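1. let's see this in three dimensions:
(2 chains)
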2 protein chains.
Amino acid sequence: MSTPTAARRPRVVIVGCGFGGLEAARRFQGEAVDVTIVDKTNHHLFQPLLYQVATAGLAAPSISAPVRLLFRRQSNITTLLGEVTTIDPVAREVHLEDGTRLGWDHLIVAAGATHSYFGRDEWARIAPGLKTLADAFEIRRRVLMSFEAAEIEPDPARQRALLTFAVIGAGPTGVEMAGTLAEIARHTLSGEFRRIDPASAEVLLIEGGPRVLQAMPESLSQRALEQLQKLGVQVRLNARVTEVTPTGLQVQSPFSDGGAGIGTHRIDCHCVIWAAGVAASPLGRLLADANGAECDRAGRVKVLPDLSLPGHPEISVVGDLAAAMSYRPGKEPQPVPGVSPGAKQAGRAAAANVLRRIAGKETVPFRYRDYGNLATIGRNSAVVDLGTPLGPLRFSGKLAWLFWLFAHIYFLIGFRNRLVVLMDWASAYWSFQRHARVVAEVRGRGEA
Amino acid sequence: MSTPTAARRPRVVIVGCGFGGLEAARRFQGEAVDVTIVDKTNHHLFQPLLYQVATAGLAAPSISAPVRLLFRRQSNITTLLGEVTTIDPVAREVHLEDGTRLGWDHLIVAAGATHSYFGRDEWARIAPGLKTLADAFEIRRRVLMSFEAAEIEPDPARQRALLTFAVIGAGPTGVEMAGTLAEIARHTLSGEFRRIDPASAEVLLIEGGPRVLQAMPESLSQRALEQLQKLGVQVRLNARVTEVTPTGLQVQSPFSDGGAGIGTHRIDCHCVIWAAGVAASPLGRLLADANGAECDRAGRVKVLPDLSLPGHPEISVVGDLAAAMSYRPGKEPQPVPGVSPGAKQAGRAAAANVLRRIAGKETVPFRYRDYGNLATIGRNSAVVDLGTPLGPLRFSGKLAWLFWLFAHIYFLIGFRNRLVVLMDWASAYWSFQRHARVVAEVRGRGEA
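-> As a prediction, the model looks like this:
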C-alpha cells in the first residue's frame, strides 16, 4: 500500500501591506495556511498621519513600521519585498518585477490607490500627491525650500509667487495640509527670516465642489470652513483647476459677485499640492481585464458581496482597490468608503472568507461598521462625526481635536511610535516647533 | 556741516554650518557685526551619530537641527541656503550657485571635507561614504535591501554575495559601522526571515594600516579589535583595496601564513561602505589658488597660527577644510585633528580673532584643547581615551560604552533630540530593535 502524500497546506498570497493587507495577514495567525505577503516597500504606512511628515511635524519612522517586523512572530507568514507586475489566474501565480513567481491557492489583492489628475497625468510631476513617504518628503522639501528661495530672492513678484501655496482638493488630506501650511507660515517659521515675513505667505485651498469635507455632514463642513478661514487659508469652492504649470495655476470658478457665468483666473505659485481624485492601482484593471470583471471610473474593481471577483472565488480584492459594498440585513447595500477602517475591516473579512472556503463552508457578505469620520484643521480644531448606538454624535473645536489626537495615537502601531508622536505633538503644541524639518536632498525629483 | 554717514557694521560671511561654522556664528552673538551664514543644506548635522541613521537606529531629525531655527534668536545673523561656487578675494564677495553675491569684510570658510577614494573617484558611486544624511539613507537602503534581495534570491552563490558586507577603513566611522552591521545581522533581524538566516551574513572590515582606530593608543586598538571579532566582524589589517565593482572587491594583503609577498584575492559582495581617506571640499583648492596659499595632499588649506590665510587676514579657514596647527606655550605645534571638538574650537577661535581685528587688536594663535577620543564598537562596548590634568585615562568595555552614550547625548543639540535618542537607545538596548528601518525609495542612486 502506497503512502499517501501529505496534503500541502493552502497557499495564500496577499498583495500589499497597507491597512487591508495587514489586517488580512493578521487574520491568518495560527491558521493552517502558508501566507506570503508582498509589498513594493519595506514598511506599513499609517497614512492618516502622512501629512504630518509632509509638513515636517513628524519623522517618517514615527508613522511607519517594518512589514517584516510586524509578522516576525507569525511563523506561517513569509514577507517579501517586490512589485507585482502580472496576476495569472489560470496558473494561479503572481509575477514580480524581478521575475519571481509566487503560486497561490487563494489571492487577496490590496494594492491600494493613488490620486487622479483627471486625465492630466503630466501634472503629477509639478503637483505631487500625498500617498507615500517619498511623496511626503518631496512635498516637505518643496514647502521648506520655497521659504528658503524667497529669503534669497531679490525680485518682489517672484518672491510673492514663492510664498504662495496651493492645495487642490478639500477632502481630509487637503484640509489638513492647508491648515498645517498656514500654521507653519504664521507660527513655526516666525522670527527665523530676516528678509521675508513668513506670515505673509498665502495658502489657497481649491475645491471643485460646493463645500469642504464633502463626506461629512454640512454643519461640520461649515465649522471646518470657518476654522480654515480663521487660520488664514483662502478657500475657493466650486473652483476647478484647468491648468497646472511650474509657475502657476489656471482656476475656473463662478464670479465672486454672483454674476452669471464662470471666470478663469491665474494664480502665480510655485508650490502646488494635489489632494484630489482617486485612481486605483493599475493592478485593478489588470485583474478586471484578465477575469472579465468590471472596474468603476476610478479603476476600482467591482467585487461580489463576499469581496471576491465575479467568477473567481479564489481571488479577493479589498481596500481602496475595490469598489465594495456593505450589506446590512434589511437595508440597502452601501458603498464602502475609501478610509482606513474600510480597508481594515474588508481585509479581515476577506481573510475570514478564505478560511471558510478552505473549510468548505459558505462565505459571508461583507458588513462595514461605520464608526464615523474625523478631520483636523489646525492645532486647536477638528471635526468629529461619530455613529453611536444612540445615533450620530457630532462635535468640533478643541474637544474634537483632543479626540482626534488620541484616536490617531491609539491606532498607531508600536508603543515607541505612540510615545514619540505624543511627545512631538506635546512639544509642538507648546513651542509651535516642528521636529522633522531636515531636508536631506535640496534638489528634488526631476531637478539636475 | 554735512552729517557723516553712519559707519556700516562689519559684515561677516560664514560658509558652512557644520561644527566649525555653527560655533563661529554663535561666538558673534550680541556683537556689532552683521553675520550671514550660508549652507548648502537646511540643517546642522551631528555627524558622530550619522552612522546610526545609516544603520536604521535613529531617524534623521534626531541628529540634525534646522540651521534657521538655531539662529532664530540671534538678530544679527541671517541664514541663507545656497552653495558657494566662487570666493572673490578682490571684490570681497562669495558667489552662490544661483547667482547671488554676498559681500563680506571678514570671511570664515568652514565647508568641511568628504571621503577620498585615493584617485579612484569612480568608486564613489559603488561604495558610498558617510558624510551627509543623503549618504546615510543610501547606505541604509542598500543594507536593508540586501537582506530583502537575499530572501527572494534562488541562487545560493548570489545569495551569499548579497549577505556579504564590506566596510573599508577602520577609523571610528568604519569600526562603528562594522560593529553595528554585525549587530543588525545577528540580533535585530533574527526571526524575521524564512528563507535566509540573517545571522549568517558576513561583515568584513578592511583596513590598509596595521591596526584599527589608529588615532588611539595601541592598547585601545587591541581592545577594539577583540570586541569586533567577538561580534563576528572579520577584520583584515594591512589590506588595501585595489578594485571596487558592483559585485565585489579586490583586496591586496600579506599572506595569512606570514609568508613573503602579498596576495590579491577577490571578495564577492554587493554592499561596500567607504569610511576611508579624507578629501577636503573643493573650496579649499579654490581658496588656495586664488590667494597663493598652499593645500596639503588632502586638499586642506594650510593656515597661519591665527587660522587666517597667509597674506589675507580677512579670510579664515576652520574645521576639516583647514590644515591647522595648535600652539601651546613652550611646546611644539601639533596638528589639529579632524574631529568635531577641533572644528568647534577653531570656529570659536577664528570668530574671536575676527572680533580682535575689527577692534584693531592683535590676533591670538589657536590652541586646541584635546579632551580625548571615543569610539563605540557595539551595544556593550567602547574605547575611551581621555586627557585629564592628571594624565591620560583609558578604559574600555561597558563603562566606556556608558560614557560614550552620555557624552554623545550631552553634545546633541536640542532637548527633544536628546530625549528621543535616549529613548530609542534604551528601547534598542532591551529589544535589539532599530526604529528607523523605513526605506522610502526602494531604488537608489543611479538605478532606474
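2. now the helix or strand of chain A with the lowest mean pLDDT: buried residues?
-> When the helices and strands of chain A are scored by mean pLDDT, DSSP states H and E, helix A:415-431 comes last with a mean of 78. Of the residues in helix A:415-431, A:416-421, A:423-425, A:427-428 count as buried by neighbour count, 16 or more other CB atoms under 10 Å in any protein chain shown. Just so you know, the C-beta spots here come from the backbone N, C-alpha and C atoms, and that holds for glycine as well.
3. and the stretch 101-250 of chain A, which residues reach chain B?
-> A:132-134, A:137, A:144-145, A:148-149, A:151-152, A:189, A:191-195 (CB under 8 Å from any CB of the partner chain).
4. kindly indicate which of those lies nearest A:S316.
-> A:T132 (23.8 Å; CB to CB).
5. what residues are up against that closest one?
-> By CB atoms under 8 Å, 6 or more residues apart in numbering or on different chains, the contact list for A:T132 reads A:41, A:45, A:50, B:440.
6. residues in contact with the last one?
-> Right, the one you point to is B:A440. A:41, A:60, A:132-134, A:137, B:137.
7. run the last query once more with 6 Å
-> A:133-134 (CB atoms under 6 Å, 6 or more residues apart in numbering or on different chains).
8. if we can go back for a sec, now the contacts of A:T132 in JSON lines, with pLDDT and distance to A:E176?
-> Listed next are the contacts of A:T132 as JSON lines, based on pLDDT from 0 to 100; distance: CB to CB, whole Å:
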{"residue": "A:T41", "pLDDT": "95", "distance to A:E176": "22"}
{"residue": "A:L45", "pLDDT": "94", "distance to A:E176": "16"}
{"residue": "A:L50", "pLDDT": "93", "distance to A:E176": "10"}
{"residue": "B:A440", "pLDDT": "88", "distance to A:E176": "20"}
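9. angle of the least confident helix or strand of chain A against helix B:415-431?
-> Orientation check (axes from the mean of the first three to the mean of the last three CA atoms, to 10 degrees): helix A:415-431 against helix B:415-431 gives 170 degrees.
10. quick one: residues in contact with helix A:415-431.
-> Under the criterion CB under 6 Å, 6+ apart, residues A:58, A:62, A:409, A:412, A:435, B:416, B:427, B:435 lie in contact with helix A:415-431.
11. and if you look at stretch A:279-297?
-> With CB under 6 Å, 6+ apart, stretch A:279-297 has contacts from A:87, A:89, A:111-114, A:116, A:298-302, A:309-310, A:312, A:321, A:323.
12. so A:R142 makes contact with A:C271?
-> Yes. Counting by CB atoms under 6 Å, A:R142 does reach A:C271; the two are 5.0 Å apart.
13. find the nearest non-adjacent residue to A:L96, please.
-> Nearest residue to A:L96, sequence neighbours excluded (CB to CB, 6 or more residues apart in numbering or on different chains): A:G82, at 3.8 Å.
14. how far away from the center of its chain is the least confident helix or strand of chain A?
-> Here the centre of helix A:415-431 is set off from its chain's centre by 22 Å, with CA atoms, centre = their mean, to the nearest Å.
15. can you give me the strands for the stretch 151-300 of chain A?
-> Counting by DSSP state E, counting those that start in this stretch, the segments of the stretch 151-300 of chain A that form strands are A:164-168, A:202-206, A:233-236, A:240-245, A:248-254, A:262-268, A:271-274, A:279-280.
16. the helices in chain A, which residues?
-> Along chain A, the stretches classed as helices by DSSP state H are A:19-27, A:50-54, A:67-70, A:123-126, A:133-152, A:156-162, A:172-183, A:218-230, A:283-291, A:340-358, A:398-411, A:415-431.
17. count the residues that sit near A:V301.
-> 29 (other CB atoms under 10 Å in any protein chain shown).
18. tell me where the stretch 1-150 of chain A has strands.
-> A:11-15, A:34-39, A:43-45, A:64-66, A:77-81, A:84-88, A:93-96, A:101-103, A:106-109, A:113-114.
19. from those strands, which stretch is densest packed?
-> Highest mean neighbour count of those: strand A:106-109, a mean of 28 (counted as mean count of other CB atoms under 10 Å in any protein chain shown).
20. still on that earlier bit, and A:G261, which of the strands of the stretch 1-150 of chain A is closest to it?
-> Across those, closest to A:G261 is strand A:113-114 (CB to CB), at 34.5 Å.
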